[in-house]
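Undergrad: sequence isn't available, so here's the structure alone:
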Ligand SMILES: NC(=O)c1ccc[n+]([C@@H]2O[C@H](COP(=O)([O-])OP(=O)(O)OC[C@H]3O[C@@H](n4cnc5c(N)ncnc54)[C@H](OP(=O)(O)O)[C@@H]3O)[C@@H](O)[C@H]2O)c1
């Protein structure tokens, strides 16, 4: 179905979560990582139509290389009177190669997005290791290093300054671990409002989720559907497929919806904020509708705990440094920060 044939959803019906600043963030956002499959213009067209149809929360990042196109879409919907800037929630992220110049990176994103401020700005990964966009999974950058508290805090201090300057309303982290949070928590003047982390039925990260909640860090869940169409370089044989999980499929059958919708309902009802990606109007609108229609029962939520099988999809192996043993080193699995 084309977007013009679809009925929109009144954005006022979409619940919000209150962050530590008091700001309210809508409980479903639209992901914008087009991966290798969709052009920047296709993603931007989806952003524009999704806003027309009721989305207010858009998850952007400089490394997705489409902020210019998305900025044009946002400028147009505001000019057309569909929405005001204040009604939108726009998230941005500083990429790993700009940790020394966060303010310039943020200004570039603001310019590309055509905005005066971001609602939320995240440190995309907690170390300055970067790789060329689209590089092979085996690629390694010889400059990559393990996480360092001083280095992270240098980046975080610039994030805090952006809040003081009014360029961003909230700041947060992404891909953090409990060990890394513990190492920097006492040094942070402004505590993170959110942690964007991989969360889907087959990878629930219960311990980190509970830690975040206990620290008033709102979990935002990426790959909420298990990213079924992610690039082949991010796939390994053992990866679970959430939309093929029998518990997810059973609930989908009862509700007569796609299993993707069950993943989004589970996320919202558990308390994280999913940011599903789709450029198909039917796809992204059924995801938004998930937040307000036909909830999963308490028994089904209990049952979905059994879908957990520790299936991390975004392993981050391209960020490994010389001497690292494997991607597990990025995630501090034994509770200590790997060096
Ligand atoms: N912070 C980070 O490090 C990080 C890392 C990864 C991702 N992210 C963010 O998280 C967003 C979401 O992650 P993702 O794009 O990897 O994966 P995802 O949202 O789990 O999966 C997206 C895929 O699910 C399908 N889909 C979506 N809605 C559907 C529906 N209602 N019915 C059937 N299929 C549906 C889409 O297929 P169709 O195209 O066929 O609709 C799309 O290919 C990204 O776009 C990005 O903004 C952040």
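TA: Ah, there it is. Keep in mind that what you see is a predicted model, and the values were worked out from it rather than measured.

Undergrad: shaky segments in the stretch 151-300 of the chain?
TA: By pLDDT under 70, the stretch 151-300 of the chain has no low-scoring segment.

Undergrad: let me see the ranges of the helices in it.
TA: Taking DSSP state H, counting those that start in this stretch, the helices of the stretch 151-300 of the chain run over residues 178-184, 206-214, 246-255, 259-270, 281-289, 298-304.

Undergrad: which stretches of this protein form strands?
TA: For the chain, strands defined by DSSP state E occupy the ranges 16-18, 24-26, 30-31, 57-59, 89-94, 120-123, 171-174, 194-198, 218-222, 273-274.

Undergrad: buried set for the second one?
TA: Taking 16 or more other CB atoms under 10 Å as the basis for neighbour counts, the residues of strand 24-26 that come out buried are 25-26. Bear in mind the C-beta positions are built from the backbone N, C-alpha and C, glycine included.

Undergrad: quick one on the thing from earlier: reformat the strands of the chain as CSV; add distance to residue 301.
TA: Listed next are the strands of the chain as CSV, based on distance: least, CB to CB, whole Å:
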stretch, distance to residue 301
strand 16-18, 18
strand 24-26, 21
strand 30-31, 23
strand 57-59, 23
strand 89-94, 26
strand 120-123, 27
strand 171-174, 26
strand 194-198, 19
strand 218-222, 15
strand 273-274, 15
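
Undergrad: residue 305: which of these is closest?
TA: Taking CB to CB as the criterion, residue 305 comes closest to strand 218-222 out of the strands of the chain, the separation being 15.6 Å.

Undergrad: first-to-last residue distance for stretch 292-312?
TA: Taking CA to CA, to the nearest Å, the span from the opening residue of stretch 292-312 to its closing residue is 28 Å.

Undergrad: run through who's touching it.
TA: The set of residues that contact stretch 292-312 without belonging to it, under CB atoms under 8 Å, 6 or more residues apart in numbering, is 9, 13-15, 198, 201-204, 206, 226, 238-240, 242, 245, 247-248, 251, 255, 257, 262, 265-266, 269-270, 331.

Undergrad: can you pull the buried residues of it?
TA: Here stretch 292-312 shows 296, 300, 304, 307, 311-312 as buried, counting by 16+ other CB under 10 Å.

Undergrad: then stretch 196-206?
TA: Within stretch 196-206, the residues scored as buried using 16+ other CB under 10 Å are 196-205.

Undergrad: got it, and stretch 5-16?
TA: Of the residues in stretch 5-16, those buried by neighbour count under the rule 16+ other CB under 10 Å are 6, 8-9, 11, 14, 16.

Undergrad: out of everything not next to it in sequence, what's closest to the residue of the chain found nearest the ligand?
TA: When CB to the nearest ligand atom is the measure, the chain has its nearest residue to the ligand at residue 31, with 2.5 Å between them. Sequence neighbours aside, residue 277 is the residue nearest to residue 31 in space, at 3.4 Å (criterion: CB to CB, 6 or more residues apart in numbering).

Undergrad: same thing with residue 62?
TA: Nearest residue to residue 62 in three dimensions, chain neighbours excluded: residue 95, at 4.9 Å (CB to CB, 6+ apart).

Undergrad: tell me the contacts of the one you found?
TA: Residues in contact with residue 95, defined by CB under 8 Å, 6+ apart, are 61-63, 105, 124, 130.

Undergrad: could you do residue 117 as well?
TA: Counting by CB under 8 Å, 6+ apart, residue 117 makes contact with 110, 166-169.

Undergrad: what of residue 36?
TA: 134, 231.

Undergrad: ditto for residue 271
TA: Residues in contact with residue 271, defined by CB under 8 Å, 6+ apart, are 213, 219.

Undergrad: and it, how far from residue 326?
TA: Taking CB to CB, to the nearest Å as the measure, residue 271 and residue 326 are separated by 31 Å.

Undergrad: repeat that for residue 213.
TA: The spacing between residue 213 and residue 326, counted by CB to CB, is 29 Å.

Undergrad: and those two? which has more neighbours close in?
TA: Neighbours per residue (other CB atoms under 10 Å) separate residue 213 from residue 326, with residue 213 holding more: 13 against 10.

Undergrad: any idea what residue 90 is bridged to?
TA: In this structure, residue 90 has the following beta-bridge partners (DSSP bridges): residue 58.

Undergrad: measure how buried the residue nearest to residue 31 is and give me the count.
TA: The tally of other residues near residue 277 (other CB under 10 Å) stands at 26.

Undergrad: and for the one 3 residues further on?
TA: Neighbour count for residue 280, taken as other CB under 10 Å: 11.

Undergrad: got the contact list for it?
TA: By CB under 8 Å, 6+ apart, the contact list for residue 280 is empty.

Undergrad: okay, the closest residue to residue 10 other than its chain neighbours and residue 285: tell me how far apart.
TA: With CB to CB, 6+ apart as the criterion, residue 10 has its nearest non-adjacent residue at 6.6 Å, and that residue is residue 54. The gap separating residue 54 from residue 285 is 8 Å, by CB to CB.
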